[in-house]
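Asks: make a model of this:
(2 chains)
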Protein chains: 2
Amino acid sequence: MSFFTSRWVETPGHVTELEGVGLPAGFRASGVAAGLKESGAPDVGLIVCDAPEPASAARFTRSGVLAAPVLICTERCELGTLRTVVVNSGNANAATGRMGFENAAKMQGAAAMVTGSPEGRVAVASTGVIGVPLPMAKVNSGILAASKELRADGDGDFSAAIQTTDAFEKRARLSVQLSRGTVTLTAQAKGAGMISPGFATLLCFVQTDAALRPETCDLLLSVCVKRSFERVSVDGQLSTNDTVILQGSGASGVVIAPESEDELAFGEALDALLRQLALMVVRDGEGARRVGRVIVRGGHDAAVAAVAQGVANSSLVKTALYGGDPNWGRIIQAVGAAMPGTAPLPVDITIEGVTVCSAGGVVPHDTEALAAKVARAEVEYEIGLPGEGAESEVYFSDLGHEYITVNADYTT
Amino acid sequence: MSFFTSRWVETPGHVTELEGVGLPAGFRASGVAAGLKESGAPDVGLIVCDAPEPASAARFTRSGVLAAPVLICTERCELGTLRTVVVNSGNANAATGRMGFENAAKMQGAAAMVTGSPEGRVAVASTGVIGVPLPMAKVNSGILAASKELRADGDGDFSAAIQTTDAFEKRARLSVQLSRGTVTLTAQAKGAGMISPGFATLLCFVQTDAALRPETCDLLLSVCVKRSFERVSVDGQLSTNDTVILQGSGASGVVIAPESEDELAFGEALDALLRQLALMVVRDGEGARRVGRVIVRGGHDAAVAAVAQGVANSSLVKTALYGGDPNWGRIIQAVGAAMPGTAPLPVDITIEGVTVCSAGGVVPHDTEALAAKVARAEVEYEIGLPGEGAESEVYFSDLGHEYITVNADYTT
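Replies: Numbering: from 1, shown residues only, chains lettered A, B, ... in the order given. Sure thing, here's the model as predicted:
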């Protein structure tokens, strides 16, 4: 088994993958089936940090329509000292009004009670269908049942309980060698559709037994989320529920001091972890066959970002990727669309190292050789705009029949 | 036969549909097969206005990457007095560099020669695959052949010669009763994919025998394009080649004076014509099954426009439309995504007259009755944001298996 499967993520030398299940010291987790999913699959999960002084940080969707659990987290949680996380899948508790807010508050209260945490130290997350009231009797039974199943190796069960349309598990266990000792870093993520560079429909929970201050958690999570979950797109759709939470128990006794070598080394591990998880979300992509990476270089930050997102979200580029079609005309179309009124724009386009367009005009190339390269699992597009110094990248899934099947035939 | 098939376009009382083919007095057109399309279908077309003082106006894509024919039109044409239009399909002559520009200039020169027009009065348009050099020997033979086929009833042949992935013809002939007499209004359009509210991948040519000044052509075309081709989206993709040209021969002798009743009446006819053509482009939509209309009302112009485009371009909303799924959670997701940082946003959503969400929370409704309504050919979504006075609408296609098949399996 290998977690780091993408050529776009380098495994740091001080990071080792661990097999199986098992949380860092100081954590317990569980996942149970509470009947929210018609399939009978697990749908309520808990993570508890038992350490005396847990540290944490969180990031949420920027949507103008926030799900009730996100509102609870941002309005009623001490995000730097979270102890417990309670999650349900099968229902997003979004666009559910006042009652939805109260239901999220009730989830917080129930999880606080069964785990012995103060309410303000319990984060709530939900994922699933939008606009349907939460069946609270089931949720409450689930939280109670999950509290009885909490185990140090419950991360696999928890991971199963947060999935929705995911085709495969997105979970990792890493050992990170630091100068003062070894720490463990684990994560459980979910997400496949409603994924945008603005953030993903995504829940991601990360645990470590390193001893970090809340400010260090916040700094590292902030930097790493920008380089991972904010750089992926499945369908350009920003979700109402995106939540990423990092918790540190400190149980290893390995202190990560601000601005230390170990902070950098731990940050590198977290960066690789979240980037690979983000790529797994894209690879899942509700039926994706291939993953693309677009890198745009030029002289203006706003322009390179707009072009990277425009290409990654172009349904014509994505269907070409799905078809294994080296049709770079659709790429330059997406570039032009992202920069209205700037013609004539001297655009350079290189696909898998083959330059197909220079200064806006076609460059003769071996089309058949290129066709073979774009039929692989990962395809890289480099785009050059005028100027230099600015760069932006987005990882994106293709758009194919499986996405239509997943999204047209089910209420998700 | 009826051209005005959408409930969203009212046929003005003074407009009558005409059957068959036939251009307004003063025009001839033709379409021939020159071998640009592998299928052997027609691919080079000409329209010529034989009137002594033709009037015209044109609109083009705002992409940062403009096709060579668009550059020729904007840099080397007297757009107010166009006499001839030469079009090829099967090749967009876009991203073809200096040679592409020269080829478009050669098309202009060839069409000028065979139709006896000054070069500056010949507009050039191309549509098809991007980034492939034009086979000029075939194009030149095609232009010569087309010039020999010019006929007063050549609009059907011309219409066939401009199609690419279109599943059906987009052509109309209308009789317009004005106070000073009756004029004829004809149009030939193409477009199915690469269609965005910023404009469509679209070629549309409109002819009338009314006597208009160039300024009147420009004013009327400007207003009507804003209400039609700028309000439709198939896939949110802005093309490199979009061109709309209105030509008036004046051959009817019916003068349309600025700021007259007849200007208003003619404008109403042009508006209905272009709106119905735009809806036909959406209905074609490279395999579309259903057409949606989203109307957003609120207090801020930028917000209502962003939300209308966000909903119309959401692949989750579009796959739900394809599936006939009344999943309004995806609509509110798209609304929130279009207005980051504004939570909590009191959003109202009404689908086909059924209010499903009020002030951001679910409103109990008959889901089965709604499901039946969203399974029809046209589905209307009304979205209310805070405030009033601003409104924006977009017509959009669904996203289904046929779109994937068209775009993943062919180089278009």
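Asks: burial measure for whatever residue of the stretch 1-150 of chain A ends up closest to chain B, as a count.
Replies: In the stretch 1-150 of chain A, the residue that lies nearest chain B is residue A:97 (2.1 Å; C-beta to the nearest C-beta). For every residue, glycine as well, the C-beta is placed using N, CA and C. The number of residues packed around residue A:97, counting by other C-beta atoms under 10 Å in any protein chain shown, is 19.
Asks: ok, the one 4 residues further on next?
Replies: Here the neighbour count serves as a burial measure; for residue A:101 (other C-beta under 10 Å) it reads 19.
Asks: please, which helix or strand holds the residue located most distally from the centre of chain A?
Replies: Relative to the centre of chain A, the most outlying C-alpha is that of residue A:364, 38.8 Å out, by C-alpha atoms, centre = their mean. Assigned by DSSP states H and E, residue A:364 belongs to neither a helix nor a strand.
Asks: for the nearest residue to the residue of the stretch 1-150 of chain A closest to chain B once chain neighbours are set aside, give me its contacts.
Replies: In space, and not counting its chain neighbours, residue A:97 is closest to residue B:361: 2.1 Å by C-beta to C-beta, 6 or more residues apart in numbering or on different chains. Residue B:361 is in contact with A:95, A:96, A:97, A:98, A:99, A:100, counting by C-beta atoms under 8 Å, 6 or more residues apart in numbering or on different chains.
Asks: pLDDT added to these, as CSV?
Replies: Listed next are those as CSV, based on pLDDT from 0 to 100:
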residue, pLDDT
A:95, 90
A:96, 91
A:97, 90
A:98, 92
A:99, 94
A:100, 95
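Asks: how close does the residue farthest from the centre of chain A sit to residue A:169?
Replies: Here residue A:364 is placed at a distance of 45 Å from residue A:169 (C-beta to C-beta, to the nearest Å).
Asks: before we move on, what about residue A:307?
Replies: Per C-beta to C-beta, residue A:307 is found 34 Å from residue A:169.
Asks: who has more neighbours out of those two?
Replies: The neighbour comparison of residue A:307 against residue A:169 (other C-beta under 10 Å) goes to residue A:307, with 29 against 15.
Asks: that one and residue A:301, how far apart?
Replies: For residue A:307, the distance to residue A:301 - C-beta to C-beta - is 11 Å.
Asks: residues shared between the contacts of those two?
Replies: In contact with both residue A:307 and residue A:301: residue A:392, using C-beta under 8 Å, 6+ apart.
Asks: ok and the residue in the stretch 301-412 of chain A nearest chain B?
Replies: Distance from chain B to each residue of the stretch 301-412 of chain A (C-beta to the nearest C-beta) is smallest for residue A:361, at 2.1 Å.
Asks: which phi and psi does that residue have?
Replies: Main-chain dihedrals, residue A:361, degrees, to the nearest 10: phi -120, psi 150.
Asks: just the pLDDT for it.
Replies: Note for residue A:361: predicted pLDDT of 90.
Asks: which residues pair with it across the strands?
Replies: Per DSSP bridges, the residues bridged to residue A:361 are residue A:358, residue B:96.
Asks: how many other residues sit next to the closest residue to residue A:142 other than its chain neighbours?
Replies: Spatially, and ignoring its direct neighbours in sequence, residue A:142 is nearest to residue A:34 (2.7 Å; C-beta to C-beta, 6+ apart). Other residues lying near residue A:34 total 26 when counted by other C-beta under 10 Å.
Asks: all strands for the stretch 251-400 of chain A, in order.
Replies: For the stretch 251-400 of chain A, the strands defined by DSSP state E, counting those that start in this stretch occupy A:291-298, A:348-351, A:354-358, A:361-362, A:378-384, A:390-397.
Asks: helices or strands up against the second one?
Replies: For strand A:348-351, the helices and strands in contact under the criterion 3 or more C-beta pairs under 8 Å, 6 or more residues apart in numbering or on different chains; DSSP states H and E are helix A:329-338, strand A:354-358, strand A:378-384.
Asks: what does the stretch 1-150 of chain A have sitting close to chain B?
Replies: Counting by C-beta under 8 Å from any C-beta of the partner chain, the stretch 1-150 of chain A comes close to chain B at A:62-66, A:71, A:92, A:94-100, A:129-133.
Asks: list only buried entries from those.
Replies: By neighbour count, with 16 or more other C-beta atoms under 10 Å in any protein chain shown, the residues of the stretch 1-150 of chain A next to chain B hold A:62-66, A:71, A:92, A:94-97, A:100, A:129-132 as buried.
Asks: okay, now the domains of chain A?
Replies: According to automatic domain parsing, chain A comprises the domains A:15-281, A:291-409.
Asks: what comes up buried for stretch A:104-119?
Replies: Quick answer for stretch A:104-119 (16+ other C-beta under 10 Å): A:104, A:105, A:106, A:107, A:108, A:110, A:111, A:112, A:114, A:115, A:117, A:119.
Asks: wait, the second one sits on residue A:72?
Replies: Yes. In terms of C-beta atoms under 8 Å, residue A:105 counts as a neighbour of residue A:72; the distance is 5.9 Å.
Asks: coming back round to it: from the buried residues of stretch A:104-119, which is closest to residue A:238?
Replies: Nearest to residue A:238 among the buried residues of stretch A:104-119: residue A:104, at 19.7 Å, using C-beta to C-beta.
Asks: so which residues of the stretch 101-250 of chain A form strands?
Replies: Under DSSP E, counting those that start in this stretch, the stretch 101-250 of chain A gives strands at A:122-127, A:170-178, A:181-190, A:195-196, A:199-200, A:203-208, A:232-233, A:243-248.
Asks: lowest average pLDDT across the ones you listed?
Replies: Minimum mean pLDDT among these: strand A:199-200, a mean of 44.
Asks: so what's the residue count around the residue lying closest to residue A:297 once chain neighbours are set aside?
Replies: Counting by C-beta to C-beta, 6+ apart, residue A:297 lies nearest to residue A:391, which is 5.0 Å off, once chain neighbours are set aside. By other C-beta under 10 Å, 13 other residues sit near residue A:391.
Asks: which pLDDT value does the model give residue A:391?
Replies: What the model reports as pLDDT for residue A:391 is 95.
Asks: make TSV out of the buried residues of stretch A:104-119 and add pLDDT.
Replies: Below are the buried residues of stretch A:104-119 laid out as TSV (pLDDT from 0 to 100):
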residue	pLDDT
A:104	98
A:105	98
A:106	98
A:107	98
A:108	98
A:110	97
A:111	98
A:112	98
A:114	97
A:115	97
A:117	96
A:119	97
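Asks: residue A:276 is in contact with residue A:4, correct?
Replies: Yes. Look at residue A:4 against residue A:276 with C-beta under 8 Å: they come within range, at 5.5 Å.
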